[in-house]
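Engineer: I would like to see how this sequence folds:
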Amino acid sequence: MEPESLGTFLRTRRGRVTPDLVEVRATISARRVPGLRREELAQLAGVSVGYYTRLEQDQAGAASPQVLNAIARVLRLGAAEQTHLHNLARRTHPPRLTRPAPERLDDRVRALLESLRETIPAVVLGRRGDVLAWNRSGHALVAAHVGFHERPSIPRLFFLDTTTRDLYRNWDELARIHVAYLRLTSGRHPHDGRLAELIGELSMHSAEFASLWATGDVADCTVGRMDLRHPALGAVDVNYQVWVQPESPDLRLEVYTPNDARSRDALRLLTVSGS
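Structural biologist: As a prediction, this is how the structure comes out:
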């Protein structure tokens, strides 16, 4: 799959903003698309139509932060989307892909995971969503059908493994978040060949992933809810929270806490069995 470019991202975001959202007066001529026209966006952002057109065609060279911020304002981009916009603008196109070394568990992250023991289910994920470590209760909660000593790719399990899919009653909601976060990561690491291969593989083998990727959505993944249909515990409603060490920003410690008394009792069974 071709790496995403600044122009591609701008086109998807422009198509999402309707004239009424930015108080653009409709013209007499019929609109071929519901989103803003290039000339409308350029006028609102204070740049020439020709320059903005070249940006969408990836022919304008480097864009200044001021111009990007003006465009982000018109497109009503959120914080994660703005970060992604600036990441795309800084990189060469197409980026030269490399094969990064395997990720390793940082000592500080390992110490934090070990300090939890089994009292809180937890998983450590790398930048591409690969499991780098987990405690036994975390493993039993999200991937009991996978061997404890295996180190699977959570995105691959999520989109290509039917057992994992059946685990989540809010799979559609979480799928959007998975894809949006992978897009944010791809902007941060445009030269990561392993990440590009993962996105290409999921696009080829999962129609849902390909459809979600085509939307262009971007989001960070820090907190959220998982509504589980657990094979051993039944209905479990938990929140996930992600902790990041500044020294190892690509490593994410994800912990799971209960949302109700029934889920609290269910997690207690996991933590007892895992200790």
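Engineer: now do the same contact list for the residue nearest to D237 when sequence neighbours are not counted.
Structural biologist: Residue nearest to D237 in three dimensions, not counting chain neighbours: N259, with 4.3 Å by C-beta to C-beta, 6 or more residues apart in numbering. In short, each C-beta sits where N, CA and C put it, glycine included. Counting by C-beta atoms under 8 Å, 6 or more residues apart in numbering, N259 makes contact with 225, 237-239.
Engineer: the same query, at a cut-off of 7 Å, please.
Structural biologist: 237-239 (C-beta atoms under 7 Å, 6 or more residues apart in numbering).
Engineer: neighbouring contacts of stretch 105-115?
Structural biologist: Residues outside stretch 105-115 that contact it (C-beta under 7 Å, 6+ apart) are 122, 124, 132-133, 135, 245, 247-248, 251, 253.
Engineer: packing partners for the top helix by length along the chain?
Structural biologist: In the chain, assigned by DSSP state H, the helix with the most residues is helix 171-188. Using 3 or more C-beta pairs under 7 Å, 6 or more residues apart in numbering; DSSP states H and E, the elements in contact with helix 171-188 are helix 79-90, helix 154-160, helix 193-205, helix 207-214.
Engineer: what do you get if the cut-off is 6 Å, keeping everything else the same?
Structural biologist: Applying 3 or more C-beta pairs under 6 Å, 6 or more residues apart in numbering; DSSP states H and E, one finds that helix 171-188 makes contact with helix 79-90, helix 207-214.
Engineer: could you pull out the buried residues of stretch 114-129?
Structural biologist: Across stretch 114-129, burial judged by 16 or more other C-beta atoms under 10 Å covers 116, 118, 120-129.
Engineer: pop out the phi and psi values for D237.
Structural biologist: Per-residue torsions, D237: phi -110, psi 110 (degrees, to the nearest 10).
Engineer: for it, name its beta-bridge partners.
Structural biologist: D227 (DSSP bridges).
Engineer: domain assignment for the chain?
Structural biologist: Domain ranges of the chain: 6-90, 107-274, per automatic domain parsing.
Engineer: tell me where the model's unsure across this structure.
Structural biologist: Applying pLDDT under 70 to the chain picks out residues 1-2, 21-33, 92-93, 273-275.
Engineer: which parts of it are helices?
Structural biologist: Here the chain has its helices, by DSSP H, at 6-14, 38-45, 49-56, 65-75, 79-90, 107-116, 136-142, 154-160, 162-167, 171-188, 193-205, 207-214, 261-274.
Engineer: just say which of these is most tucked in.
Structural biologist: Highest mean neighbour count among those (mean count of other C-beta atoms under 10 Å): helix 136-142, with a mean of 23.
Engineer: residues making contact with that helix?
Structural biologist: With C-beta atoms under 6 Å, 6 or more residues apart in numbering as the test, helix 136-142 has contacts from 118, 121-123, 148, 270-271, 274.
Engineer: which one of these is nearest A180?
Structural biologist: V123 (19.3 Å; C-beta to C-beta).
Engineer: got the CA positions of stretch 96-106 in PDB?
Structural biologist: In PDB, the C-alpha atoms belonging to stretch 96-106 read as follows (Å, rounded to 0.1, in the frame of the first residue of the first chain):
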ATOM      1  CA  ARG A  96      12.200   5.600   2.100                       C
ATOM      2  CA  LEU A  97      11.100   2.600   4.100                       C
ATOM      3  CA  THR A  98      13.600   0.800   6.400                       C
ATOM      4  CA  ARG A  99      13.400  -2.400   8.500                       C
ATOM      5  CA  PRO A 100      13.700  -1.200  12.100                       C
ATOM      6  CA  ALA A 101      15.200  -3.400  14.800                       C
ATOM      7  CA  PRO A 102      12.700  -5.500  16.900                       C
ATOM      8  CA  GLU A 103      11.300  -3.400  19.800                       C
ATOM      9  CA  ARG A 104      12.600  -4.200  23.200                       C
ATOM     10  CA  LEU A 105      10.900  -3.700  26.600                       C
ATOM     11  CA  ASP A 106      12.400  -0.700  28.400                       C
END
